[in-house]
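# Sequence isn't available, so here's the structure alone:
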């Protein structure tokens, strides 16, 4: 599926701030806090992300730690469905399912409560940024492990040059803003 922004009607990019050399030298961090701080821009971003979930008639929204909690919770509220937090290993208090994924230098593990998704529930995954796709891929595997139906993933920002969409080729992927 060809990568394209969900909407070109409002320039949401003007609400994304570049922070050079963060968190380390050579990285240009895409800071979403100006977008979050502007009511109309944030509302539009939630409306657009929620359209993906509405299209698939989802039962739940998965929100990925940590900035994905902001977008995912608002999308779930807009859709009138539940939100399920996915966190790094050891942060959730109840029994969990886990999925490990590869980082540039090692591995990390994400967890979700065992009862977060019920078998057959239709799920939208929401996060702030799609980079290499490792985190989203692990979350989609968690949903499948729980018996849910992972249908799509929606992101505020996609760093297209990192080719994360390729790891998610079996799912619809929607992004508000593309950076090539």
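Alright, I've got the coordinates. These numbers come from a predicted model, not from an experiment. Residues are numbered from 1 along each chain as shown.
# what sits against residue 148?
Residues near residue 148 by Cβ atoms under 8 Å, 6 or more residues apart in numbering: 60, 117, 118, 119, 120, 121, 122, 123. Using the backbone N, CA and C atoms, a C-beta is placed for each residue, glycine as well.
# now for the helix ranked longest in the chain, which elements pack on it?
When every helix of the chain is counted residue by residue (DSSP state H), the longest turns out to be helix 39-55. Judged by 3 or more Cβ pairs under 8 Å, 6 or more residues apart in numbering; DSSP states H and E, helix 39-55 is in contact with helix 33-36, helix 67-79, strand 122-130, strand 149-159, strand 172-179.
# of all those, which gets the most neighbours per residue?
Most buried of those, by mean neighbour count (mean count of other Cβ atoms under 10 Å): strand 122-130, with a mean of 26.
# What mean pLDDT does it get?
Averaged across strand 122-130, pLDDT comes to 97.
# Let me know the angle separating that strand from helix 67-79.
Interaxial angle, strand 122-130 versus helix 67-79 (axes from the mean of the first three to the mean of the last three Cα atoms, to 10 degrees): 140 degrees.
# what's across from the spatially most central residue of the chain in the sheet?
Nearest to the mean C-alpha position of the chain, by Cα atoms, centre = their mean, lies residue 127 at 1.9 Å. Beta bridges link residue 127 to residue 155, judged by DSSP bridges.
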